[in-house]
Structures are given as C-alpha cells and as structure tokens.
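Colleague: need a 3D model of the sequence below.
(chains A and B)
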Protein chains: 2
Amino acid sequence: MSRILTVAGAQMGPIQRADTREATLARMIALLEQAATKGANLVVFPELAFTTFFPRWPMGRDDAELLGCFETAMPNPRVQPLFDRARALRLGFYVGYAELTPDGHRFNSAITVGPDGDILFKYRKIHLPGSDHVKAGQRYQQLEKMYFEYGDLGFPVARGPEAWGRPVLGMLVCNDRRWPEGWRCLGLQGVELVMVGYNSAAYDPNGGEGESAELRTFHSKLAAQSNAYMNATWAVAVAKAGNEDGAGLIGGSCIVDPNGLIVAEAATLGDEVIVAEVDLDACRQGKEKMFNFAQHRRPQHYRRIVDQVGATAPE
Amino acid sequence: MSRILTVAGAQMGPIQRADTREATLARMIALLEQAATKGANLVVFPELAFTTFFPRWPMGRDDAELLGCFETAMPNPRVQPLFDRARALRLGFYVGYAELTPDGHRFNSAITVGPDGDILFKYRKIHLPGSDHVKAGQRYQQLEKMYFEYGDLGFPVARGPEAWGRPVLGMLVCNDRRWPEGWRCLGLQGVELVMVGYNSAAYDPNGGEGESAELRTFHSKLAAQSNAYMNATWAVAVAKAGNEDGAGLIGGSCIVDPNGLIVAEAATLGDEVIVAEVDLDACRQGKEKMFNFAQHRRPQHYRRIVDQVGATAPE
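Modeller: Below is the predicted model of the structure:
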C-alpha cells in the first residue's frame, strides 16, 4: 500500500463582508481545480472559509446576516457545488465553517471530506479566542466567545481511505494550533497529518500597539513546526489572508514535515495553492525513537495539565 | 523593583573521559569570570557539566569511575571552588550534575544557586532517553535509563531573589525540552525563565544513519523557541558541545524571549559565554492575552495526556 499522498493547502485571500457566497464558492472551486492540476489528493481550506471573518462584526444573535454565515447542514445547497466538484475530481478536502445545529448550538467547526464525497469526521474548535461581549468604542471586534460555544467533540482522529494509505488524520482550527495540549491529544492517537485552517490578525485593526505582521507570521509557523515535530506528524496550516474590510490577516500557509521543516509555503496574501508530497511513513522514525511516547512519557508528573486551568505563581 | 536581569549561557566544549575534575572546574570558573565581566546575574551551565557525558560508556554500577561521576552532596569539596567563586562574584548559577543520594538513589539532576551561594531549588530529570541495558556490539551507548532513576520531584519552580526581580524560575534537563508537558507544568506555575542544560548527539557515533547535526541543532532550537512562546516565558538552553572521545555533541546554545525569538546564540562548539538582558515583564503580554490560561484552556478535553502513556492509533 502506497503511503504517499499529495496534499494541497488552498490559501484564500480576503473575503469582504459584502462578497456573495457564489463568488466565494467560485474561488474555492478554482483553487480545487488548481490543486487537482498539481496532483493533489487532499486540499485544506481555511477556517470559516465560506465567509468573511464575521466575528469581527457585532451582530444580534438572530440577525439575518449572522445567521447567513452559519451552515445548518453539511453539505447544503449553498456549498453543494464545492462537494460536487471535489467528488468529480476525486479530491478530499478539509474546510472550516460556522455550524448551527438543529437544536440551536453554534460552533466554529471543520470537516474532512473523503474523495467519495463522504464526511470522514468533524471537529469543533476548542480554543476559542476573543471576547464574549462587544467591546465599546472598538470598530473591529473579536467575538468568537460570543458567537460560538466551546467545541464538545474533544480532539478526534479518523483514518483516511485506502487510496490515501489510510493516514491517521487530525484537525484543529486556528488558535488551537498554539496550544500543545490539542496536538498532544492527536499525537496520542497516532496522528500522521494534522490539518488546520486559520484567520489570524496581522495587526491590531483598532490601531493599538501590538506585534508586527512579521512576528505574528513567525508565531504561526513556529506553532505548526514545533508541534508537528514534537508529535512526529505532518501538518498543513492554511490561512485566510489579506485585508478584509480594513482588518489585516496574516498569510504564511505552510506544509510541515515530521521534522518540523517547512516543505511548502505560500508567497502571497491571496488565493494560492501550495502542494507537497506527504510520505506518511516519514512519521515513523520520530514515533518509534525520540517521541516513542510509551517509552518516554511520564504522565504521573503531568497532573497540573488537567487539574488546573489558569496559571498560579508561587508567592 | 527592577525586573531586568542579565542572564548568561555558559556553553562548554567537550570534556574528555580522561579529563580531570580540576581541569573542568577551572574551565567552569573561567566561564563564570567571563559572564561576570559581561554583567551577568545568573549563569546557566550544561547538563552533567562536571564530567564527560558518561552514559555513553558501559560501566558496572559500583565501578569507581562511574561513582566518581556522581556527587554525593551539593556542594561538596570537588565543586566547592565553583560555589566560592560564584558567591564572591555575586553570581547565581544553574548546573547539571549526576546525583547520588545518601540512600543510594541516582538521578540526572540540576540545581539553581542564588547569588548568596544558597541552593534555591533542585530538579531531577523526568524524560530520560536512551536504554536501560548495554546494547551489544555498539562502541557508544546511551545508558541514561540504566544509570539514573526517573526524576521524582515533578516540575518545580522557585522565586529568585529580590536582586533579580523575584523571577519565577523553572528548570529542565536536556531531553525534557522536547516534551511540551514539562514546559506546560512550569507555565501553569507562572514561570518566567526556564533554564535547561543539555548534551545532545550531533550524529550517530556508531555510524548508523540519522539526522544531520544541522537538523538536530534546528530541533533543539525549535523546542526551546516554541515552548518559550507557548508559555510566554524566557528560556536559556545551554549545550555541552563538540567531540567527546569520538562522539559529537551539537552546540546551538541560545537565549529565547517570550516571543520565541532567539536573542543570543553560541557561534562555536567550544567554551563560550552568551549573554542577554532579560526583561521579565516582557512575559506579561503573552500571559495576559494570547496565553491567558485561565481564559482559554479547556482541561476537560486534555484527559488523554494523563490517562494514557503511549500512542494508540485507530484501527
């Protein structure tokens, strides 16, 4: 069984608040076509890929605009053309979207779809950043904690299909990639390929002080590279990038090998496909030696990680 | 209260098996003097700094040579000149050493000594790499699991003295730095400066295939940079480097800021002092925002980290 698959990251440039779903879907399908041309088996789209990063805008819970950002089923008629084209191309994909469940729960979710169009598994973002209330006097908000509930599915993995070499797949969403706990929960399930889409601010859009876009891009890559290395897994991290209605998002989409080395990365802040050949068996050396968890981990000393939430410094 | 202290990394070149303790101590004192000249308050020495990396040599448990590598008290007459000189210079230091307790236990330990010569705290290495038995036919061994017990002190922190701005200090030893669990246990105690000494192979000394010295040095820095960033702490990682009796050790000693950026790094594989001004309050931004653990961590989803040791992949 070949355990080499070709993975693409489909970085997306900005989606403006006024852009139509049709225009966005057409861009995603164009990216899918490009990835297919490059021989991809699996394409990774960003977090909340069908819309602008709407948590920056204050809206009422039942506003039509807000509700229009959520998917009530997956697939559904508004996204069906993407699913159809992917299946026709025999391409699987990861895509981030806002999920509204039949019983009214809202999550910042991602799914992975197989080459047959079936949904392999779903993940709901656990590490929600931002605020749970509108901050007065700020033009741009970050309202993820208000618009979404914390993910309730843990950190699941799933086996990909035979045609891909049955990789152990894991998903994260955006801010999750900065939290080694999530990666380790995937690593403890033998993950071989972690997919993560993101929307990360390039600067403070309200004009406050803050890190440069360059530093933030470094942080984004550092998190993907190190956690891939420490769990001996491949990782694909994919941005929505560029200027959305005056708020900047970093790019820096990259594909990282189990040594933590970047093997492909985006050069722009726009729609751009990056591709790498992913040899899943390249994870074995790390998993069997340096990061042989069974031999080297000492969980009896890790209790703080689950026994406390916040940091407590000594007197 | 000034919360800026000057930290030095005292990288050491190789210590050959035949080198005398007196010669090694003289080198360490020379490094201490250099660090003092550069204004250092605190000097970080490598793991097992008083000896060659002796776990590469098979020896009987009670061999005089092996016992001679262990310290039965700290300080003791064989290391007293280092303690005396440091106190005279008002310099604190971290040093790694092989510890033999009065009741016969053996650990790969580190202590941090304050500017008054008092031992602030002790750490015993938890992530022991290597083998618990001699591998037949190999000239060079890695016998840490045979020579040492697993550390039994958890991941302690301690406050440094007033003169240093009362930093929350943490220690790791060598391989620990590749395990995010240890860093997180320190981060959950508000750590502001993590000190870690190491001896890391530059290649397989027995001539097998393996990563290049360049890749191993990249891994070493990546682990320090990312874990410093993800815990919003300073880190000082210090090597014993170079060719010890035909076995190569990487250098790459570095001082890393809470953004994960390297602010000082060694240029050689020999005895070399690196220095940086460490503004402890530079940890605050990360600890209060991006890595505000109380706001963002979700330990109910991290149970695998303590509930299982090894990785278990799905069918």
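
Colleague: which residues in the stretch 1-150 of chain A form strands?
Modeller: When secondary structure is read from DSSP state E, counting those that start in this stretch, the stretch 1-150 of chain A shows strands at A:4-11, A:42-44, A:70-71, A:92-100, A:106-113, A:119-124.

Colleague: for whatever helix or strand residue A:285 lives in, give me every contacting residue.
Modeller: Per DSSP states H and E, residue A:285 falls inside helix A:284-288. For helix A:284-288, contacts defined as CB atoms under 8 Å, 6 or more residues apart in numbering or on different chains pick out A:190, A:229, A:231-232, A:258-259, B:311. (Glycine included, C-beta is placed from N, CA and C.)

Colleague: which of those residues has the largest number of neighbours?
Modeller: With neighbours set by other CB atoms under 10 Å in any protein chain shown, the maximum within those is found at residue A:231, which has 29 neighbours.

Colleague: get me the contact residues on the stretch 201-315 of chain A for chain B.
Modeller: Listed as neighbours of chain B in the stretch 201-315 of chain A under the rule CB under 8 Å from any CB of the partner chain: A:211, A:215, A:218-219, A:222-223, A:225-227, A:229-230, A:259-261, A:287, A:290-299, A:301-315.

Colleague: list only buried entries from these.
Modeller: Buried subset of these (neighbour count, 16 or more other CB atoms under 10 Å in any protein chain shown): A:211, A:218-219, A:222-223, A:225-227, A:229-230, A:259-261, A:287, A:290-291, A:293, A:295-299, A:301-302, A:304-306, A:308, A:311.

Colleague: which ones among the residues of the stretch 201-315 of chain A next to chain B map onto helices?
Modeller: In helices, judged by DSSP state H, the following of these are found: A:215, A:218-219, A:222-223, A:225-227, A:229-230, A:287, A:293-296, A:304-307.

Colleague: just to revisit the earlier point, out of the strands of the stretch 1-150 of chain A, nearest to residue B:51?
Modeller: Proximity of those to residue B:51 was assessed by CB to CB; the nearest stretch is strand A:4-11, lying at 45.4 Å.

Colleague: show me what the closest one is packed against.
Modeller: If contacts are counted by 3 or more CB pairs under 8 Å, 6 or more residues apart in numbering or on different chains; DSSP states H and E, strand A:4-11 sits against helix A:21-37, strand A:42-44, strand A:234-239, strand A:254-256, strand A:272-279.

Colleague: flag the shaky bits of chain A, pLDDT-wise.
Modeller: Within chain A, the stretches with pLDDT under 70 are A:1.

Colleague: can you rerun that using 90?
Modeller: Using pLDDT under 90 as the threshold, the predicted model of chain A has low-confidence ranges A:1-2, A:208-210.

Colleague: what residues of stretch A:116-134 count as buried?
Modeller: Of the residues in stretch A:116-134, A:120-131 count as buried by neighbour count, 16+ other CB under 10 Å.

Colleague: now the end-to-end length of that stretch.
Modeller: From its first residue to its last, stretch A:116-134 covers 42 Å (CA to CA, to the nearest Å).

Colleague: is chain B within reach of it?
Modeller: Yes. Figure legend: stretch A:116-134 in contact with chain B (CB under 8 Å from any CB); contacting residues A:126-129.

Colleague: so residue A:78 versus residue A:133, what's the distance?
Modeller: Residue A:78 sits 30 Å away from residue A:133, going by CB to CB, to the nearest Å.

Colleague: ok, back up a step: just put the residues of stretch A:116-134 next to chain B in a markdown table and tack on distance to residue B:201.
Modeller: Rendered in a markdown table, the data for the residues of stretch A:116-134 next to chain B read as follows (distance: CB to CB, whole Å):
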| residue | distance to residue B:201 |
| --- | --- |
| A:126 | 37 |
| A:127 | 35 |
| A:128 | 41 |
| A:129 | 39 |
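
Colleague: closest to residue A:242 out of these?
Modeller: Among those, and counting by CB to CB, the member closest to residue A:242 is residue A:129, at 19.8 Å.

Colleague: skip the chain neighbours and tell me the closest residue to that closest one.
Modeller: Leaving aside its chain neighbours, residue A:129 sits nearest to residue A:175 (4.6 Å; criterion: CB to CB, 6 or more residues apart in numbering or on different chains).

Colleague: quick one: contacts for the one you found?
Modeller: With CB under 8 Å, 6+ apart as the criterion, the residues that contact residue A:175 are A:125, A:127-129, A:198, B:296.

Colleague: those: which two are farthest apart?
Modeller: Set against one another by CB to CB, the contacts of residue A:175 have their most distant pair in A:198 and B:296, with a gap of 15.3 Å.

Colleague: still on that earlier bit, so how far is residue A:308 from the residue nearest to residue A:129?
Modeller: Taking CB to CB as the measure, residue A:175 falls 20 Å from residue A:308.

Colleague: kindly report the same for residue A:169.
Modeller: Distance, residue A:169 to residue A:308, by CB to CB: 31 Å.

Colleague: close enough to count as contact, residue A:168 and residue A:191?
Modeller: Yes. Under the criterion of CB atoms under 8 Å, residue A:168 makes contact with residue A:191 at 5.1 Å.

Colleague: what do the two both touch?
Modeller: Overlap between the contact sets of residue A:168 and residue A:191, as judged by CB under 8 Å, 6+ apart, is given by residue A:157.

Colleague: those two: who's more crowded?
Modeller: Neighbours around residue A:168 and residue A:191, counted as other CB under 10 Å, are more numerous at residue A:191. The numbers are 28 against 22.

Colleague: OK, contacts around that one?
Modeller: Going by CB under 8 Å, 6+ apart, the list of residues near residue A:191 reads A:157, A:168-170, A:231, A:233.

Colleague: where do the helices sit along the stretch 51-200 of chain A?
Modeller: Taking DSSP state H, counting those that start in this stretch as the test, the helices found in the stretch 51-200 of chain A are A:64-68, A:80-89, A:144-147, A:180-187.

Colleague: what's the second one packed up against?
Modeller: Under the contact criterion of 3+ CB pairs under 8 Å, 6+ apart, the helices and strands touching helix A:80-89 comprise helix A:21-37, strand A:92-100.

Colleague: run the last query once more with 10 Å
Modeller: helix A:21-37, strand A:42-44, strand A:92-100, strand A:106-113 (3 or more CB pairs under 10 Å, 6 or more residues apart in numbering or on different chains; DSSP states H and E).

Colleague: try the shortest one
Modeller: Here helix A:144-147 touches strand A:106-113, going by 3+ CB pairs under 10 Å, 6+ apart.
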